[in-house]
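S.K.: A structural model of the following input is requested.
(one chain, ligands or ions: 1)
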Amino acid sequence: MIDPGVLQASSDALIAVVVAVPVALVAVGAVLATRRRGAGRDEATPSTGGGVATVSATAPTGAPAEAPAEAPPAGEAGTPVVAEPASYQGRLGKARGLLSGYIGAVRARARIDAGTWDELEEALIRADVGVGATDALLEDLRGRVKAGEITDTDALVDALKADLVAMLDTGASGLPDVGADRPPPGDDGVERTVDVWLFVGVNGVGKTTTVGKVATRLTRAGTPVLLAAGDTFRAAAGEQLQLWAERSGADIVRGAEGGDPSSVVFDAVQRAASRGVPLVLADTAGRLHNKVNLIKELEKIRRVSDRPPGHVAEVLLVLDATTGQNGLAQAKVFLDAVDVSGVVLTKLDGTAKGGIVVAIQRELGLPVKLVGLGEGADDLVDFDPQAFVDALF
Ligand code: GDP
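M.R.: Alright, predicted model coming up:
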């Protein structure tokens, strides 16, 4: 039988896509039109950079992507064709496709003029960089052109890349250290021996998958972890996490469907402490009956997780890069509920336009720590601003 929760979640997602895509397209057009009117000009769009968003038709299954069952096919010289590791260059092809038309057009201009600025502005807005960050970037570049520091369009694009890298470099990317900065024992003298990382975010953004990927990475590196299946709202989430636990060799605590997620995380912390496991990775539900319930639930999970021997070391907000600026609005609900320490940006390999990373760091003031470049266990990588910007351009 099909779980009604899954049906509801799917229809929520469908509604979100149907509403969000036209709204986003109209919004980009409106932003640019208003800005152009203000500037009193209207340049043509470069033909290769139209930037029409497409929506992936693949239904999310959520199960860990399987390793190929058979040996990979032999290459021409008889050597096996090994699956490419997740790289920014290899996985950001779609985002690059969107930007390259504009950037190519800018580079091809004989000199820096009004049309150049329009093209750059349109490229950044369409790439989801956001109005605030676009203005900041263009203001800096305009100043440097005026000062004679930048004199041609190639140098202008290179300066834009360097500015983007500088804007994105928070020095806080990557997996946090386990066991660092543990506070002193609680009032009852109980030592804190278990870090808890909470994964929060809207349904379908990739929380469960991310927990599984992080578990794989850490167990492989020799750090034992315990998974807490705190998304008791969605029956499939527990099963999905169970699969990840089996694949990665991590222990897991699951609760009853519809059960209290805080008690799942509480049990997980107790079990981790008794087995000497230093880290609990806790999945949470992204959709409850209403926003107030969601916030209350997350506050409670956090409180319970922070009781010795537990210590909430990270709250990672998982965002789906393909939802663009809409994802930012959703994120704010979670920021109201819990102190978020960083962002995991998933699905950058999909139809995401990339610039959303800039908007997140600037508008939410949060570092992007990890990014998802695919559904497989190895497709979660540390956010690397230089590699990211190089791949985008
Ligand atoms: P949750 O509801 O937030 O726990 O979301 P899930 O972990 O169930 O993920 C929803 C869907 O997104 C699943 O089909 C995942 O395989 C997929 N997904 C998660 N991360 C990525 C990613 O980085 N790239 C791609 N292409 N798909 C992803």
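S.K.: drop to CA atoms for contacts and neighbour counts, all remaining ones
M.R.: Noted.
S.K.: mean confidence for the biggest strand by length in the chain?
M.R.: When the chain is parsed with DSSP state E, its longest strand is strand 310-320. For strand 310-320, mean pLDDT is 96.
S.K.: Centre of the chain to it, how far?
M.R.: 12 Å (C-alpha atoms, centre = their mean, to the nearest Å).
S.K.: Return the set of buried residues in that strand.
M.R.: Within strand 310-320, the residues scored as buried using 16 or more other C-alpha atoms under 10 Å are 310, 311, 312, 313, 314, 315, 316, 317, 318, 319, 320.
S.K.: Next up, the contacts around the nearest residue to the first one once chain neighbours are set aside.
M.R.: It stands for residue 310. Leaving aside its sequence neighbours, residue 310 sits nearest to residue 194 (C-alpha to C-alpha, 6 or more residues apart in numbering; 4.8 Å). Going by C-alpha atoms under 8 Å, 6 or more residues apart in numbering, residue 194 touches 179, 269, 272, 273, 277, 278, 279, 280, 309, 310, 311.
S.K.: So what touches stretch 108-115?
M.R.: By C-alpha under 8 Å, 6+ apart, stretch 108-115 touches 43, 116, 151, 152, 153.
S.K.: how distant is that stretch from the center of its chain?
M.R.: Worked out by C-alpha atoms, centre = their mean, stretch 108-115 lies 35 Å from the chain centre.
S.K.: right, and the pair among the contacts of stretch 108-115 with maximum separation?
M.R.: 43 and 151 (21.7 Å; C-alpha to C-alpha).
S.K.: Which one of those two is surrounded by more residues?
M.R.: Neighbour totals were compared for residue 43 and residue 151, and residue 151 leads with 14 against 11 (other C-alpha atoms under 10 Å).
S.K.: wait, that one sits on residue 145?
M.R.: Yes. The criterion here is C-alpha atoms under 8 Å, and residue 151 meets it with residue 145 at 6.3 Å.
S.K.: Give me the common contacts of those two.
M.R.: In contact with both residue 151 and residue 145: no residue, using C-alpha under 8 Å, 6+ apart.
S.K.: strand partners of the longest strand of the chain, parallel vs antiparallel please.
M.R.: Strand 310-320 has the following sheet partners, assigned by DSSP bridges: strand 194-200 (parallel), strand 342-346 (parallel).
S.K.: give the contact list for residue 96.
M.R.: 353, 391, 392, 393 are the contacts of residue 96 under C-alpha under 8 Å, 6+ apart.
S.K.: Please report how far the last one lies from residue 386.
M.R.: Distance check for residue 393 against residue 386: by C-alpha to C-alpha, to the nearest Å, it reads 11 Å.
S.K.: Same list (the contacts of residue 96) but as JSON lines, adding distance to the ligand, neighbour count and pLDDT.
M.R.: Converted to JSON lines, the contacts of residue 96 look like this (distance: C-alpha to the nearest ligand atom, whole Å; neighbours: other C-alpha atoms under 10 Å; pLDDT from 0 to 100):
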{"residue": "353", "distance to the ligand": "13", "neighbour count": "28", "pLDDT": "83"}
{"residue": "391", "distance to the ligand": "16", "neighbour count": "18", "pLDDT": "89"}
{"residue": "392", "distance to the ligand": "16", "neighbour count": "23", "pLDDT": "86"}
{"residue": "393", "distance to the ligand": "20", "neighbour count": "20", "pLDDT": "84"}
